[in-house]
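Visitor: With the input below, show me the fold.
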Amino acid sequence: MPAATNRIFSTHSDLTRPNCWKKSGSYRSDSQFPSIDFSRFPVSGRLAAVRDIHPKVVIHLGAGNRFRDGALKISSFVITLSAKRIPVFFIGHNTEEKRRAGILSQIPGTYDFFGIFGNHESLQLIAGAAVYVGADSGPLHVASLTATPLVAIYGPNLAEISGPWRKANVEIIHMAMSCRPCSQRKCKYDTIPCMQNISVEKVFHAVNKYID
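Guide: Numbering: from 1, shown residues only. I've put the predicted structure just below:
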């Protein structure tokens, strides 16, 4: 294993190097990454305005691959958080995530930061959150560089192979299906049930552990 270097890993290629995994595909118990000192990042005015809002939940609203997109039922989840007066912050970058954020940000207690923050600001926002919620995608792995609890939604991939870098304070939400993992080219059921059948209640129960 290569020794950890004193830098921040923020690109997808950094976060998916296969030589950072054991051959068994199990989680590493020792992180490849050093602790990040967030105090050395400059704090922008747009982040400073919301930094002291607590507790907050940061949600990434999708994934680049539709087979790993767990956001289709997220509105019910956000409404539940809103009813509990838990502030919700949306992050994302693609067109579909922007559309979702525009709709969901009409719910009271939500903040739409779609496409606004770069890597450093996103890391600071996530680092100050009570919990991060997201599907199996790049932002999830970036979020794993913080100490913030993660609720990770997995469909066709196995978390044992492509899960977050750390094990502590990580809740993996998935369906036990014999077709997982798959090629993510075509679903034998056409409906991607490994993602779409994950219940909102199951996600909320995982998040609630960290916001009560």
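Visitor: Which parts of the chain are helices?
Guide: Assigned by DSSP state H, the chain shows helices spanning 12-15, 45-48, 74-83, 95-104, 119-127, 138-143, 159-162, 193-196, 200-211.
Visitor: For those, could you give me TSV that also reports mean neighbour count?
Guide: Bear in mind the C-beta positions are built from the backbone N, C-alpha and C, glycine included. Shown next, in TSV, are the helices of the chain (neighbours: other CB atoms under 10 Å):
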stretch	mean neighbour count
helix 12-15	14
helix 45-48	12
helix 74-83	17
helix 95-104	17
helix 119-127	20
helix 138-143	24
helix 159-162	16
helix 193-196	20
helix 200-211	16
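Visitor: Of all those helices, which one comes closest to D37?
Guide: Relative to D37, the nearest member of the helices of the chain by CB to CB is helix 119-127, separated by 10.5 Å.
Visitor: before we move on, back to that, please tabulate the helices of the chain in a markdown table, including the columns mean pLDDT.
Guide: Compiled in a markdown table, the helices of the chain are given as follows (pLDDT from 0 to 100):
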| stretch | mean pLDDT |
| --- | --- |
| helix 12-15 | 36 |
| helix 45-48 | 80 |
| helix 74-83 | 81 |
| helix 95-104 | 76 |
| helix 119-127 | 87 |
| helix 138-143 | 89 |
| helix 159-162 | 90 |
| helix 193-196 | 86 |
| helix 200-211 | 90 |
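Visitor: so which of those helices comes closest to K186?
Guide: Proximity to K186 (CB to CB) singles out helix 193-196 among the helices of the chain, at 13.3 Å.
Visitor: just to revisit the earlier point, I'd like the helices of the chain as a markdown table, with distance to Y111 appended.
Guide: Converted to a markdown table, the helices of the chain look like this (distance: least, CB to CB, whole Å):
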| stretch | distance to Y111 |
| --- | --- |
| helix 12-15 | 25 |
| helix 45-48 | 11 |
| helix 74-83 | 11 |
| helix 95-104 | 9 |
| helix 119-127 | 10 |
| helix 138-143 | 16 |
| helix 159-162 | 28 |
| helix 193-196 | 25 |
| helix 200-211 | 16 |
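Visitor: between those, which gets nearest to M175?
Guide: Among the helices of the chain, helix 193-196 comes nearest to M175, with 4.8 Å by CB to CB.
Visitor: V151: which of the helices of the chain is closest?
Guide: helix 200-211 (4.6 Å).
Visitor: Which neighbouring elements make contact with the closest one?
Guide: Judged by 3 or more CB pairs under 8 Å, 6 or more residues apart in numbering; DSSP states H and E, helix 200-211 is in contact with helix 74-83, strand 131-135, strand 150-153, strand 170-173.
Visitor: among those, which is nearest Q124?
Guide: Checking the helices and strands packed on helix 200-211 against Q124 by CB to CB gives strand 131-135 as the closest, at 12.5 Å.
Visitor: And that closest one, what's buried?
Guide: V131, Y132, V133, G134, A135 (16 or more other CB atoms under 10 Å).
Visitor: Would you mind checking which helix or strand in the chain has the lowest mean pLDDT?
Guide: None of the helices or strands of the chain scores lower by mean pLDDT, DSSP states H and E than helix 12-15, at a mean of 36.
Visitor: pLDDT below threshold where in the protein?
Guide: Filtered on pLDDT under 70, the chain yields the residue ranges 1-36, 38-41, 62-73, 96, 212.
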